[in-house]
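Trainee: next come a sequence and a model predicted from it.
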Number of protein chains: 2
Amino acid sequence: MNQNQGKKKITVYDTTLRDGAQGEGIHFSTQDKLSYVKRIEEMGSLYVEAGWPGANPRDEEFFQQVQKLTPSKVRIAAFGSTCKVNESPEQSDILLKLLASGAETITIFGKSWDLHVRDVLRATLEENLRLIRESVSFLVNQGREVFFDAEHYFDGFKENPDYALKCIAAALDAGAVMAILCDTNGGSLPEEIAQGVRAVMQEFKPQELGIHVHNDSGLAVANSLVAVEAGVTQIQGTWNGFGERCGNANLSTLIPLLQLKGEYSVVSDSALSKITSFSRFVAELSNATFDEKQPYVGRSAFAHKAGMHVDAILKNQRTFEHMDPAGVGNERRILISDQAGKANILERLRRFEPTMLKEDPLVEKAMFEIKAMEHSGFQFEAAEGSLDLLLLQIIGKFSPPFEVLDYHVWSEPFRGELDSVAVVKVKVGSESVHIASEGNGPVNALDTALRQALVSFFPILGKSELVNYKVRVLDGSLGTEAIVRVIVDTRVGREVWGTIGVSTNILKASAQALLDAINWTIWKFEIE
Amino acid sequence: MNQNQGKKKITVYDTTLRDGAQGEGIHFSTQDKLSYVKRIEEMGSLYVEAGWPGANPRDEEFFQQVQKLTPSKVRIAAFGSTCKVNESPEQSDILLKLLASGAETITIFGKSWDLHVRDVLRATLEENLRLIRESVSFLVNQGREVFFDAEHYFDGFKENPDYALKCIAAALDAGAVMAILCDTNGGSLPEEIAQGVRAVMQEFKPQELGIHVHNDSGLAVANSLVAVEAGVTQIQGTWNGFGERCGNANLSTLIPLLQLKGEYSVVSDSALSKITSFSRFVAELSNATFDEKQPYVGRSAFAHKAGMHVDAILKNQRTFEHMDPAGVGNERRILISDQAGKANILERLRRFEPTMLKEDPLVEKAMFEIKAMEHSGFQFEAAEGSLDLLLLQIIGKFSPPFEVLDYHVWSEPFRGELDSVAVVKVKVGSESVHIASEGNGPVNALDTALRQALVSFFPILGKSELVNYKVRVLDGSLGTEAIVRVIVDTRVGREVWGTIGVSTNILKASAQALLDAINWTIWKFEIE
């Protein structure tokens, strides 16, 4: 089924690499940006605002290199501002660098709130209109597609609507293809957004109009939706809602919302089914924490914890899911926690014992053990490998294929550099192996030594790798003396799973998580 | 100024301890819940839905203990469901346990979507109305204040509006004080919420009406706002938006939004100024990550990174802030990053050198060094202690008061338990000290040894404590071999600050962060 037939087309203008990068903790290197541009092709035709050439050296470097990529459906836009007060466009370093970037689309922002003209530019209202008019027309005359970001349009419209509209008029008259109405400070209410958009629609009847909002009142998605309903044809936003302060409108939410619940066509069905993995890719690339509670794309978005909900969903999926997770490339998860009823645990046990009944005493036993371990600090929601090992042991389908007899770890300076060394002794069947290994830190040394000692018995360990190592101190008020929870993510091929360890000693907790990772790998690939 | 005069009163019904606890990764012990109830008094008069007595043993324990707390403005509500199909209220274990909890307010949910009646209850539509009617009336006759959560009301209203309204009628006729309209699956659009609320307002003209929505489309805050505008008087939600799947309506956002931007009175001005610290308290209590990008209460909510924004905000605060952060107990932060202009760095340098000018070559030098370090993996946004030390060194106001000559750390089994021991050698002036210390893990052993070696020279170290230890692997694809960034938070009295270390060796990165923490403590309390 093509969900897009007969629907109004909405264009995506993705500013993750520019406004997204203004978010706290978000960083993209030039190489990151190039990877981004290559990968985003899977989303189809859209605009990527990739930086401000001239504002920092990385952005200039990027625009030079991006020209070498094969052209695709992705349009690269360069971002900047109008020329400065008392400056002509021809003298403007900002505008000249925008042209030098080689980008076919150039987006410049200008003031549309009189307060900013007075207090920040310290210029007359007429001078600001000149900056907009002359800057746009200069770029248009150089053959570029020009978009005009009307900065603080909604705040301006509230205080001086005539002037805000004059700024839009200046840009459109000078040849801008489109104005984008910005709620730069993110404080506007949906009704204010609707009024501001309607005024522009009535005054200019534009073919195309954009919206750019921030999330300072938790309304960025709703405000974008309201703007689209009032006539806007282009949505500016960022993946995962990254951006200055509370972030921008979240494309990972807004695209499925408009497409699945509204009457709009934004991306293809196939692109829509990739947004979960794409959103995660963006978070990894920018080195930011992925918000697992995010609508549509978060790991928790279709995760069910209450026993009653799980029970109902097994009867009819619609009872507790507002849509089919597959449509956005996500999946349902049944969580195991001390809130879990038997239905959750039975569902998971049946992966190993398909005919198990709810009345089987092992279900009760599993529930009891899980609750006891969670009470002592374990948390299996992000450590499904450890959970499965526990369940397999309870139903008698797994016993550890090796034993660790002893381990020692030293960290000492060696020729000026800190060196970590682990010595481990393991026993497999009747054979025992004693091995030493170096590593980048005590945990890595221990991991390497364990794998080296075991790989000849279990060759799959040569193909598995640690992809993540997370430490959480459980009692925030005790620092390094508190209980530590370590979660390790392991990958073999395309499969990734988590394992967990809990201890007052971070190295012991790490060892426990590493051993579960090794046990699970062996079970999954050599025993099952 | 009292912001609440002449405004319509909206009541808060806080379900953090019940629906919030159904969120992935959220856990509250009985003691946690009791602390919560004590602390939430500072928010003034509201309802706290504290659990489901009978659904798990912790909740029963909680209701017994909460009776012993001195009564306050906080009303404790117990949550549960109607009696079961073919069961009378008198036989209902659920209802009897709700009564036994002793809670004066009891909220029960019932089905209002015919699909659920058919597919989950597998009962007739009439039987479901009986469950609602008889359960409510049974509890009312026992003298309790009864609220009725109309589960899936909005989905039900879309598919069978007559029946959905009949369910509300059944509860109200039986004596429920209030119905709460629930968007249980979180998939409704604002317009659908408005229609559903308006239908109930027209049909029953209720004095009080509640709204309970989930965030599966990123619209929970907007949908609550729409419901209030359509006539609802009570908002159900959770702090930080915790809750099943994508969470519930976020009270940390919704309360300031309604009160500061809408025409409503929700809490007192003084309570409003405490919501930043209260939201953080709830996250710490539940051991969940606090979303720093949260509107109003997040650390990033008023954080400015772009140099141009900082420049403007120093001219007029309104230019890039939609409200005064102090109103919600938050504060403005000027971030230092490779996007930072000179204005950001100058602002920070002036804390130590108030007369420094923008043209001073040291400003340029500081900017250069910060950008180079961020390029190699440092990130000063959460490590302002390390940032200040760096700046102090650049302007010649700090040189390290001690030197670490050597350190060794061992982790070895000792009488069956893993034991970590650190040996450090430090030099202060012409004296050198060699000390060994045990610890819970290598990092704690190292920290303890360093402090023991130095405390006789710098007594303040006896009063400082580590309150947080965070590890982040920088390259997600390399596991424990990747670069590791360690951030340590230290507290002296009420002051808390972060310091950072980056290395391929986790212990070395930790040592760097610990040494910065010690240096900063000494500088702040013994040198400055």
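Mentor: Thanks, I have the structure now.

Trainee: residue ranges with poor pLDDT in chain A?
Mentor: A:1-4, A:57, A:71, A:287, A:336-341, A:375, A:414-416, A:474-482, A:494 (pLDDT under 70).

Trainee: one more time with 50, if that's ok
Mentor: Scanning chain A for pLDDT under 50 picks out A:1, A:476-479.

Trainee: tell me the domain ranges of it?
Mentor: Domain ranges of chain A: A:9-286, A:303-372, A:376-396+A:465-528, A:402-457, per automatic domain parsing.

Trainee: so, in contact with chain B or not, the second one?
Mentor: Yes. Shown here: domain A:303-372 in contact with chain B (Cβ under 8 Å from any Cβ of the partner chain) through A:303-306, A:309, A:311-312, A:315-316, A:318-323, A:335, A:337-339. No exception for glycine: its C-beta is placed from N, CA and C like everyone else's.

Trainee: check contacts around the residue of chain A most remote from its centre.
Mentor: Going by Cα atoms, centre = their mean, the residue of chain A most distant from its centre is A:S430, 48.1 Å out. Residues near A:S430 by Cβ atoms under 8 Å, 6 or more residues apart in numbering or on different chains: none.

Trainee: phi first, then psi, for it.
Mentor: When read as degrees, to the nearest 10, the backbone of A:S430 gives phi -100, psi 0.

Trainee: any figure for the gap between it and A:V424?
Mentor: Distance, A:S430 to A:V424, using Cβ to Cβ, to the nearest Å: 18 Å.

Trainee: mark which of the residues of domain A:303-372 next to chain B are buried, thanks.
Mentor: With burial judged by 16 or more other Cβ atoms under 10 Å in any protein chain shown, the buried subset of these is A:303-306, A:309, A:311-312, A:318-323, A:335, A:337-339.

Trainee: give me the subset of those residues that lies in strands.
Mentor: Of those, the ones assigned to strands by DSSP state E are A:303-304.

Trainee: so which of the buried ones among the residues of domain A:303-372 next to chain B sit within helices?
Mentor: With helices taken from DSSP state H, the overlap with those comprises A:309, A:311-312.

Trainee: and which of these is nearest chain B?
Mentor: A:A312 (4.6 Å; Cβ to the nearest Cβ).

Trainee: the spatially most central residue of chain A: what's its closest spatial neighbour, skipping adjacent residues?
Mentor: By Cα atoms, centre = their mean, chain A has its centre lying nearest to A:A283, at 3.7 Å. Nearest residue to A:A283 in three dimensions, chain neighbours excluded: A:F290, at 3.9 Å (Cβ to Cβ, 6 or more residues apart in numbering or on different chains).

Trainee: quick one, strands of the stretch 201-350 of chain A?
Mentor: A:209-213, A:234-237, A:264-265, A:303-304, A:333-334 (DSSP state E, counting those that start in this stretch).

Trainee: okay if I get these as JSON lines plus distance to B:A123?
Mentor: Output for these, formatted as JSON lines (distance: least, Cβ to Cβ, whole Å):
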{"stretch": "strand A:209-213", "distance to B:A123": "45"}
{"stretch": "strand A:234-237", "distance to B:A123": "44"}
{"stretch": "strand A:264-265", "distance to B:A123": "39"}
{"stretch": "strand A:303-304", "distance to B:A123": "22"}
{"stretch": "strand A:333-334", "distance to B:A123": "25"}
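
Trainee: quick one: closest of those strands to B:L257.
Mentor: For B:L257, the closest of the strands of the stretch 201-350 of chain A is strand A:209-213, at 14.6 Å, according to Cβ to Cβ.

Trainee: what's the closest one packed up against?
Mentor: strand A:178-183, helix A:190-204, helix A:220-229, strand A:234-237 (3 or more Cβ pairs under 8 Å, 6 or more residues apart in numbering or on different chains; DSSP states H and E).

Trainee: name all residues that make contact with the residue lying closest to A:K38 once chain neighbours are set aside.
Mentor: Excluding the flanking residues, the one nearest A:K38 by Cβ to Cβ, 6+ apart is A:L69, at 6.8 Å. Taking Cβ under 8 Å, 6+ apart, we find A:L69 in contact with A:34, A:37-38.

Trainee: inside strands: which ones of the residues you listed?
Mentor: The strands in this structure, assigned by DSSP E, contain none of these.

Trainee: out of those residues, flag the one nearest to B:D489.
Mentor: In terms of Cβ to Cβ, no member of these lies closer to B:D489 than A:L34, at 35.7 Å.

Trainee: what distance do you get for the closest one to A:D14?
Mentor: 15 Å.

Trainee: more neighbours: which of the two?
Mentor: For A:L34 versus A:D14, the count of surrounding residues by other Cβ atoms under 10 Å in any protein chain shown is larger for A:D14: 26 against 17.

Trainee: and the more buried one, bridged to which residues?
Mentor: Taking DSSP bridges as the rule, A:D14 bridges to A:V48, A:G237.

Trainee: so what's it up against?
Mentor: A:40, A:46-49, A:236-239, A:251.

Trainee: wait, what's in contact with whichever residue of the stretch 251-400 of chain A sits closest to chain B?
Mentor: Relative to chain B, the nearest point of the stretch 251-400 of chain A is A:H322 (2.7 Å; Cβ to the nearest Cβ). Neighbouring residues of A:H322 by Cβ under 8 Å, 6+ apart: B:185-187, B:216-217.

Trainee: in space, what's closest to the residue of the stretch 151-300 of chain A found nearest chain B - neighbours in sequence excluded?
Mentor: In the stretch 151-300 of chain A, the residue that lies nearest chain B is A:G187 (2.7 Å; Cβ to the nearest Cβ). Distances taken as Cβ to Cβ, 6+ apart place B:H322 nearest to A:G187, at 2.7 Å, with adjacent residues excluded.

Trainee: if I look at the one you found, how far off is A:S45?
Mentor: 33 Å.

Trainee: now do A:P161
Mentor: Computed as Cβ to Cβ, the A:P161 to A:S45 distance reads 34 Å.

Trainee: ok, A:L446 next?
Mentor: For A:L446 relative to A:S45 (Cβ to Cβ), the value is 49 Å.

Trainee: more neighbours, these two?
Mentor: Here A:L446 and A:S45 are set side by side on neighbour count (other Cβ under 10 Å), and the busier one is A:L446, at 27 against 14.

Trainee: wait, what's in contact with A:T490?
Mentor: Contact analysis of A:T490 by Cβ under 8 Å, 6+ apart lists A:385, A:464-467, A:496-499, A:517, A:520-521.

Trainee: what pairs with it across the strands?
Mentor: With beta bridges defined as DSSP bridges, A:T490 has these partners: A:L466, A:W497.

Trainee: my read: A:V200 touches A:E208, true?
Mentor: No. Taking Cβ atoms under 8 Å as the definition, A:V200 is not a contact partner of A:E208, at 11.4 Å.

Trainee: and the two? Which one has more around it.
Mentor: Neighbour count, other Cβ under 10 Å: between A:V200 and A:E208, A:V200 has more, with 24 against 13.

Trainee: around chain B, pick out the residues from the stretch 51-200 of chain A.
Mentor: Within the stretch 51-200 of chain A, the positions near chain B by Cβ under 8 Å from any Cβ are A:56, A:58, A:115-116, A:119-120, A:184-187, A:189-190.
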